[in-house]
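**Q** only the shape, not the letters, is given here:
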């Protein structure tokens, strides 16, 4: 729901409120060097062992050691079920108690929200405040005493013990379930229930390789290993087990996989390759022959000749498999990123993407927006992406957009388009991708940022009014052409002027 960070690189104090967007996507828009990547890296700190040394690189000496981050999550009933199940696996108690505890939590005000902190020098990674931990422990112990006392009373009634025995049962003291030795299990369980933060950038998106040696892959080695694992997850198979099947069965399995992979990818990647609407992607598990080694730039006497490899390719217009390295960087990146999203769609994630417009054609950027929409809406992932491309600005959902600017006094910070005042040059620069996205090319004098804007029908009207204004010396009004902002883009232009 909310994220706060202090003294992280060029950030002095910054807050990002996810509840203001009313959906699962946040767009960080701004110029180069505005601090978009810094915000994403600060968010990623939730799944790091505290802050890295680089995060304090630009801090003044007096601010070093003052780094902190705060993450507030809303807690669903499903989260409560998972939390109690994890505690049940770590702390011995009746199954009936843990099931009753789930209902008790759902009826109470506990665990409606949980706040994690990062940055304390005495802690490693994310932790929760001692006060919150004590409240949760106290609630669990109180419910445990109620449960055990009711069980003792029930046992006494069932066995019809004498009055002395009943009195002893009532006076018997129940030990706390959560004690100092196991209190850490609460933080551990909450942390595991919280969504994973995954950052994708040019350096943190494992690209699908041309090939990978099967023995290396099984040993957890090789370039592109993670991307290949994503493909395994999507198919719910093991490539090593497929390699052990007979040739005929292996061919049938792989053919079915390749058909599904190509069909599913073509649904989201709508650019034509060789004037074909479907991109034919395939993989094969085969031994490395001398001919194939030559095609891959290996020597004919390479030591890997005869070893089994997994090969990946995209077909040419003639139906020949072409290694991925010979395809465009944009296609390979989009494919690899899509595999990541597909492999994790059933998991609870916060997906952070740094400038996904790099290497992507305008049409591919539109395809990417569609993929992000589907992932957010269908699977409930939260997505935060940073961009300076107008083609990744959703003009019909400008409430998602946060303007990122780097101010000399304030450091890296955020501004709302609708709520914030565009009163500095850095904020004006941050707004440029948004203005271009709605078809308004802002001039160097930033006319759209003045107090008196007049939207006219077209360019000829704009020049006519400007000329008349010059003649009458009425230059306090600025005229904006509505051309290029037809349909659903005219309202955002009006909103920007307001």
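**A** Thanks, I have it. Fair warning: this is a prediction, and the values are worked out from it, not measured in the lab.
**Q** quick check on residue 478: phi, psi?
**A** Main-chain torsions, residue 478, degrees, to the nearest 10: phi -120, psi 130.
**Q** that one pairs with what?
**A** With DSSP bridges applied, the residues forming beta bridges to residue 478 are residue 453.
**Q** give me the neighbour count for it.
**A** By the criterion of other C-beta atoms under 10 Å, residue 478 has 21 neighbours. To be clear about C-beta, it is placed using only N, CA and C from the backbone, and glycine gets the same treatment.
**Q** again, but for residue 414
**A** Look at residue 414: counted by other C-beta under 10 Å, it has 19 neighbours.
**Q** likewise for residue 236?
**A** By other C-beta under 10 Å, neighbour count at residue 236 equals 6.
**Q** per-residue confidence at it?
**A** Note for residue 236: predicted pLDDT of 92.
**Q** before we move on, what about residue 437?
**A** On the pLDDT scale, residue 437 is placed at 72.
**Q** for residue 70, same thing?
**A** 91.
**Q** where's it, which helix or strand?
**A** Using DSSP states H and E, residue 70 falls within strand 68-74.
**Q** residues touching residue 369, list them.
**A** Neighbouring residues of residue 369 by C-beta atoms under 8 Å, 6 or more residues apart in numbering: 392, 394.
**Q** after the helix or strand containing it, which helix or strand is next?
**A** Taking DSSP H and E as the definition, residue 369 sits inside helix 362-379. Later in the chain than helix 362-379, the nearest helix or strand by DSSP H and E is strand 382-387.
**Q** list the helices and strands that following strand packs on?
**A** If you count contacts as 3 or more C-beta pairs under 8 Å, 6 or more residues apart in numbering; DSSP states H and E, strand 382-387 packs onto strand 25-29, helix 36-44, strand 349-354, helix 362-379.
**Q** let's see that with 6 Å instead.
**A** strand 25-29, strand 349-354 (3 or more C-beta pairs under 6 Å, 6 or more residues apart in numbering; DSSP states H and E).
**Q** among those strands, which comes closest to residue 391?
**A** Within the helices and strands packed on strand 382-387, the stretch nearest residue 391 is strand 25-29; the backing value is 11.8 Å (C-beta to C-beta).
**Q** so what touches that closest one?
**A** Defining contact as C-beta atoms under 6 Å, 6 or more residues apart in numbering, one finds that strand 25-29 is touched by 36, 376, 383-384, 386, 400-404, 433-434.
**Q** by neighbours, which of these wins?
**A** Scoring those on neighbours with other C-beta under 10 Å, the highest-scoring entry is residue 401 at 28 neighbours.
**Q** what residue, apart from its backbone neighbours, is nearest it spatially?
**A** Ranked by C-beta to C-beta, 6 or more residues apart in numbering and with sequence neighbours excluded, the top spatial neighbour of residue 401 is residue 27, at 4.7 Å.
**Q** list the beta-bridge partners for the one you found.
**A** Bridge pairing for residue 27 (DSSP bridges) gives the partners residue 385, residue 401.
**Q** show the model's pLDDT score for it.
**A** We note a pLDDT of 93 for residue 27 in this prediction.
**Q** which neighbouring elements make contact with the strand or helix carrying residue 191?
**A** Using DSSP H and E, residue 191 sits within helix 184-193. Counting contacts by 3+ C-beta pairs under 6 Å, 6+ apart, helix 184-193 packs against helix 77-90.
**Q** which parts of the helix or strand where residue 249 lies are buried?
**A** According to DSSP H and E, residue 249 maps onto helix 247-268. Within helix 247-268, the residues scored as buried using 16 or more other C-beta atoms under 10 Å are 250, 253-254, 257-258, 261-262, 265-266, 268.
**Q** same question for stretch 329-337.
**A** Here stretch 329-337 shows 330-337 as buried, counting by 16+ other C-beta under 10 Å.
**Q** list the ones among those that fall in helices.
**A** 330-337 (DSSP state H).
**Q** could you tell me the end-to-end distance of stretch 207-227?
**A** Stretch 207-227 has an end-to-end distance of 6 Å (C-alpha to C-alpha, to the nearest Å).
**Q** returning to what we had before: closest one of the buried residues of helix 247-268 to residue 18?
**A** Residue 18 lies nearest to residue 268 out of those, by C-beta to C-beta, at 25.1 Å.
**Q** list the contacts of residue 111.
**A** Residues near residue 111 by C-beta under 6 Å, 6+ apart: 75, 80, 105.
**Q** closest one of those residues to residue 15?
**A** Closest approach to residue 15 among the contacts of residue 111 (C-beta to C-beta): residue 75, at 20.5 Å.
**Q** excluding its backbone neighbours, what's nearest the closest one?
**A** residue 111 (4.8 Å).
**Q** helix/strand/coil for residue 313?
**A** strand (DSSP: H, G, I helix; E, B strand; the rest coil).
**Q** tell me the pLDDT at the residue nearest in space to the middle of the chain?
**A** By C-alpha atoms, centre = their mean, the mean C-alpha position of the chain lies nearest to residue 351, the distance being 0.6 Å. Reported pLDDT at residue 351 in the predicted model: 90.
**Q** one more: residue 64?
**A** 62.
**Q** repeat that for residue 114.
**A** 92.
**Q** what do you get for residue 376?
**A** Confidence score, pLDDT, at residue 376: 86.
**Q** what's near enough to touch it?
**A** Residue 376 neighbours (C-beta under 6 Å, 6+ apart): 24-25, 383.
**Q** from the residues you listed, pick the one nearest residue 44.
**A** Proximity of those to residue 44 (C-beta to C-beta) peaks at residue 383, which lies at 13.9 Å.
**Q** doesn't residue 372 make contact with the closest one?
**A** Yes - in this structure, residue 383 is within contact of residue 372 by C-beta atoms under 6 Å, at 5.4 Å.
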